[in-house]
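**Student:** What shape does this take:
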Amino acid sequence: MRLFRLLPRLVHCCWTWGWEASVAKARKLILWLVLENETGNRAGRASGKVLARKTEQNPTAQLKSVVAIRLNVLPSFGFLFDIDGVLVRGKTPIPAARTAFQKLVNSQGQFLVPVVFVTNAGNCLRQEKADQLSHLLGVPISQDQVMMSHSPLRMFKRYHEKCVLVSGQGPLLDIAQDLGFCQPITIETLREKHPLLDVVDHERRPNVLYPSAVELPKIEAVVLFGEPVRWETNLQLIIDVLLTSGYPGNPYRHQHRPHIPVLACNMDLMWVAEAQSPRFGHGTFMVCLENIYKKITGKDLKYEALMGKPSKLTYQYAEYLIRAQAAERHWKQPIQTLYAVGDNLMTDVYGANLYNRYLEENSRKGSKSRIQAKAAGGRGSAAVSQDEDIDNSWENELASAAAAHCRSVLVCTGVYNPHTEVPLDSGESLTETVFHGHRDFRFDPGLVEPDHIVPDVDAAVDLVFQLENFAPN
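**Tutor:** Below you'll find the predicted structure:
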């Protein structure tokens, strides 16, 4: 860094001629620093000229101002914040959150570093979540800073024109259509068209059956957005769809053919609200679905894609959003490090560490893989496993991971209990009370070991600023 190479010269001037006599020399050195594109933009150079003219009046303020320009305008890191258990508990803000975010914005409310909120929630639109966060944190949040567990579904264009059954709660049709799905069908619509299928609740059984005036098209995929309200209804109808190849009114088929694709978002077994203990999450619902399917068929339920933390795809998409923010703000310095702040060992920490491994593997491959990717027309080592499902432009963006590291920062305001021990021997007999990760993710003690543990999100921001030598105005 040129700034630090200039410091010895400034010290020498002060030692030889004294501070007052060194003002002119300092002014020239500072002006040269800015004119040499240290800030990397025209506005920075103009500011440098103005600041240099003020050196004679207040040289100490001048030096601090130049350092602030460099550190605030050109961040080399970004934040990935979990929401539940980090910023809020249910609808109640965690007190440290507002304090933390006042440090992340300038006087105009603009973020000093790229920030993306990565939540496994999926029961609302991004704009609604952004509005909630803006109100809770007291800073303006845009929907482009919000990543829901279902956000990567925008890339799965292969399914956008097909009839898909969606499960979850909230404005499901609005969410599905916002993601690009043209023919979504809710569980409730399916139940209305096939009233004989949902019979667990005797009070909801129809007294009179009327033939449906409109036949539903074949269901070609199932999309699990999040935990539904009536689990027995959702479990029954999803199993019906899977075992009839998309025609739930027909008898079950027992051929050894694969079931229709299932795309699942949010694998959290539990999450934290206002209650003293964690509550069931969508991962618990998925455990039920997987076990019922296997009990009936003797086979494992297969997922076409798993989204939400800790999946690598989620962090690839989050990094894409971080890079987009930096580009929009004209921050030319590459984002080298992502700091993932969360409260859950099995999702936030596991996912961040898993993505860090991926980034380090990419780094070790070096220029060879980049040359091969360029020769292949920009398609690097597969960013996601479902290559055929993803539009090329999105795939190219995700494949060009630019960060070097993804560091995990664990807070103690949510799911994490600092008194819970994780077995060091991966060969030990693990139960669900220990490993709360999804069935398809292998337990690895190294992946649930956070890089840093802090009391709350405010302490996390302070820690990162210290690690990055970042001094905002």
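**Student:** in the protein, what spans have low per-residue confidence?
**Tutor:** 1-73, 208-214, 256, 366-401, 419-435, 472-473 (pLDDT under 70).
**Student:** Now do the contacts for the residue nearest the centre of it.
**Tutor:** In the chain, the centroid-proximal residue (Cα atoms, centre = their mean) is Val118; its distance is 3.2 Å. Val118 sits next to 80-82, 147, 309, 314-315, 318, 340 when contact means Cβ atoms under 8 Å, 6 or more residues apart in numbering. Where C-beta positions appear, they are placed from N, C-alpha and C, glycine not excepted.
**Student:** Out of those, the closest to Met286 would be?
**Tutor:** In terms of Cβ to Cβ, no member of those lies closer to Met286 than Lys309, at 14.2 Å.
**Student:** The closest one and Gln145: what is the separation?
**Tutor:** 17 Å (Cβ to Cβ, to the nearest Å).
**Student:** just Asn291 next, same as before
**Tutor:** Taking Cβ to Cβ, one finds Asn291 at 37 Å from Gln145.
**Student:** likewise Ile185?
**Tutor:** In terms of Cβ to Cβ, Ile185 sits 31 Å off from Gln145.
**Student:** What are the boundaries of the helices in the stretch 251-400 of the chain?
**Tutor:** 282-297, 312-328, 350-375, 392-399 (DSSP state H, counting those that start in this stretch).
**Student:** of all those helices, which lies closest to Pro152?
**Tutor:** Here helix 312-328 is closest among these (Cβ to Cβ), at 4.8 Å.
**Student:** Which one's more surrounded, Asn291 and Gln145?
**Tutor:** Gln145 (22 against 12; other Cβ atoms under 10 Å).
**Student:** OK, contacts around that one?
**Tutor:** Residues near Gln145 by Cβ under 8 Å, 6+ apart: 115-117, 130, 321, 325.
**Student:** so which helix or strand takes in Val464?
**Tutor:** helix 457-467 (DSSP states H and E).
**Student:** next one: Leu235
**Tutor:** helix 231-243.
**Student:** Which positions in that helix come out as buried?
**Tutor:** By neighbour count on 16 or more other Cβ atoms under 10 Å, the buried set for helix 231-243 is 231, 233-243.
**Student:** elements contacting that helix?
**Tutor:** Applying 3 or more Cβ pairs under 8 Å, 6 or more residues apart in numbering; DSSP states H and E, one finds that helix 231-243 contacts strand 163-167, helix 187-193, strand 221-224, helix 282-297.
**Student:** what sits opposite Val409 in the beta ladder?
**Tutor:** Val341, His452 (DSSP bridges).
**Student:** in the stretch 1-150 of the chain, which spans are strands?
**Tutor:** 77-81, 88-89, 92-93, 115-118, 146-147 (DSSP state E, counting those that start in this stretch).
**Student:** Please produce TSV containing the ones you listed, extended by distance to Pro445.
**Tutor:** Shown next, in TSV, are those (distance: least, Cβ to Cβ, whole Å):
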stretch	distance to Pro445
strand 77-81	23
strand 88-89	28
strand 92-93	33
strand 115-118	23
strand 146-147	28
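**Student:** Between those strands, which one is closest to Arg126.
**Tutor:** Using Cβ to Cβ, the strands of the stretch 1-150 of the chain put strand 146-147 closest to Arg126, at 4.5 Å.
**Student:** Identify the neighbouring strands of the closest one in the sheet and state each direction.
**Tutor:** Strand 146-147 has these strand partners (DSSP bridges): strand 115-118 (parallel).
**Student:** what distance separates the partner strand from the centre of its chain?
**Tutor:** 6 Å (Cα atoms, centre = their mean, to the nearest Å).
**Student:** What residues of that strand count as buried?
**Tutor:** Per 16+ other Cβ under 10 Å, strand 115-118 contains these buried residues: 115-118.
**Student:** next one: stretch 330-350
**Tutor:** For stretch 330-350, using 16+ other Cβ under 10 Å, the buried residues are 331, 335, 337-350.
**Student:** Equivalent analysis for stretch 458-468, please.
**Tutor:** Under 16+ other Cβ under 10 Å, the buried positions of stretch 458-468 are 458-461, 463-465, 468.
**Student:** Adding distance to Pro450, write the residues you listed out as CSV.
**Tutor:** Converted to CSV, the buried residues of stretch 458-468 look like this (distance: Cβ to Cβ, whole Å):
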residue, distance to Pro450
Asp458, 17
Ala459, 13
Ala460, 11
Val461, 16
Leu463, 12
Val464, 13
Phe465, 18
Glu468, 18
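**Student:** What is the most widely separated pair among the residues you listed?
**Tutor:** Asp458 and Glu468 (16.2 Å).
**Student:** Determine how far stretch 91-104 lies from the middle of the whole chain.
**Tutor:** That offset, for stretch 91-104, works out to 19 Å (Cα atoms, centre = their mean).
**Student:** Show me which pair in the buried residues of stretch 330-350 is furthest apart.
**Tutor:** Trp331 and Met346 (33.0 Å).
**Student:** returning to what we had before: which one of the buried residues of stretch 330-350 is nearest Glu161?
**Tutor:** Thr347 (31.6 Å).
**Student:** rewinding a little: need the residues that contact the helix holding Val464.
**Tutor:** 77, 79, 81, 86-87, 94, 96-97, 99-100, 103-104, 339, 341, 409, 411, 413, 452, 454, 470-472.
**Student:** follow-up on the earlier one: show me the buried residues of stretch 330-350 that map onto strands.
**Tutor:** 337-342 (DSSP state E).
**Student:** List just the nearest of these to Gly446.
**Tutor:** Of those, the one sitting nearest to Gly446 (Cβ to Cβ) turns out to be Ala340, at 15.7 Å.
**Student:** what's the burial count for the nearest residue to that closest one once chain neighbours are set aside?
**Tutor:** Using Cβ to Cβ, 6 or more residues apart in numbering and skipping residues adjacent in sequence, the residue nearest Ala340 is Ala352, 3.6 Å away. If you count neighbours by other Cβ under 10 Å, Ala352 ends up with 29.
**Student:** How about Leu74?
**Tutor:** 17.
**Student:** can you pull the contacts of Asp230?
**Tutor:** Let me fix one detail, which is that residue 230 is Arg and not Asp. Asp201.
**Student:** From Asn417, how far off is it?
**Tutor:** 31 Å.
**Student:** give the contact list for the closest residue to Trp231 other than its chain neighbours.
**Tutor:** Nearest non-adjacent residue to Trp231, counting by Cβ to Cβ, 6+ apart: Phe285, 6.2 Å away. Residues near Phe285 by Cβ under 8 Å, 6+ apart: 224, 227-228, 231, 234-235.
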